[in-house]
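K.L.:
show me how the following folds:
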Amino acid sequence: MYSVDKRDKVVELAGVPQSSVGAPLPLILSDEHRVLLAYLLEGFQPDWDGTSVRIVDPNTSYESIALVEFTPYSTYMFGAPNDEAFQGHPLASRGLTPYGAFQIENSSWIRQLEKMNSVHWNHRPERFKRLSHYVFSFHDKTFECVAQSFTLTTHEGSLETILPIMRDRLQWDRFDVFS
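P.N.:
Model prediction:
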């Protein structure tokens, strides 16, 4: 994890659909050029009476799925904290909350990456000014990514059916890794 200073500002991303608050089941696939994040969206179940728990898994069909593509990216993290320990995140006091999507303006993490890279013979600080720090917080995990931009599409199906789409976006077919 990185440390923050007074310059970091948390801004909620407008237009990003709400992840499932119970079981978003985030899935990440990446290569050295892009990171793909898929997760289940919060859905309205008209026949649900609130008396039972609905169990979903990667094979559950008829789900709404968000697919977020970060490109080009510099780095990403996936893991702690979960929603119950979220107050331990260094940006929680700045408005970062569970179950949301955010951009961190004046990111300490990006500034730390730029400083780390400054030893490179061809270091160009302006490259880091094009980067943004994104945070997608879920029920059990948090995903953070430093990238130039992201695109988001929604799909219907299961997480299992989104995998071929993710694979095609990575263009892994040219490497024959799934044969």
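
K.L.:
which residues touch the helix or strand hosting A38?
P.N.:
Per DSSP states H and E, A38 falls inside strand 35-40. By C-beta atoms under 8 Å, 6 or more residues apart in numbering, the residues outside strand 35-40 that reach it are 19-20, 23-30, 56, 63-71, 73, 76, 136, 138, 143, 145, 147, 159, 162, 166, 169-170. Any C-beta I mention is one placed from the backbone N, CA and C, and that applies to glycine too.

K.L.:
so which of the residues you listed belong to helices?
P.N.:
L159, I162, M166, R169, L170 (DSSP state H).

K.L.:
residues touching the helix-or-strand element of the chain with minimal mean pLDDT, excluding its own?
P.N.:
Of all the helices and strands that make up the chain, helix 125-129 has the lowest average by mean pLDDT, DSSP states H and E, namely a mean of 87. If you take C-beta under 8 Å, 6+ apart as the criterion, helix 125-129 is touched by I110, R111, L113, E114, N117, S118.

K.L.:
before we move on, back to that, list the buried residues of the strand holding A38.
P.N.:
The neighbour-count check on strand 35-40 (16 or more other C-beta atoms under 10 Å) flags V35, L36, L37, A38, Y39, L40 as buried.

K.L.:
pairing partners for it, with directions?
P.N.:
Strand 35-40 sits in its sheet next to strand 27-30 (antiparallel), strand 63-79 (antiparallel), going by DSSP bridges.

K.L.:
which of those sits closest to D8?
P.N.:
strand 63-79 (15.5 Å; C-beta to C-beta).

K.L.:
by how many degrees do the very next helix or strand once past that closest one and strand 63-79 diverge?
P.N.:
For strand 63-79, the succeeding helix or strand toward the C-terminus, using DSSP H and E, is strand 100-105. If you take axes from the mean of the first three to the mean of the last three C-alpha atoms, to 10 degrees, strand 100-105 sits at 50 degrees to strand 63-79.

K.L.:
downstream of strand 100-105, the next helix or strand is which one?
P.N.:
Taking DSSP H and E, what comes next after strand 100-105 is helix 108-117.

K.L.:
list the contacts of A147.
P.N.:
Contacts of A147 by C-beta under 8 Å, 6+ apart are V35, F70, T71, P72, Y73, S74, L131, S132, Y134.
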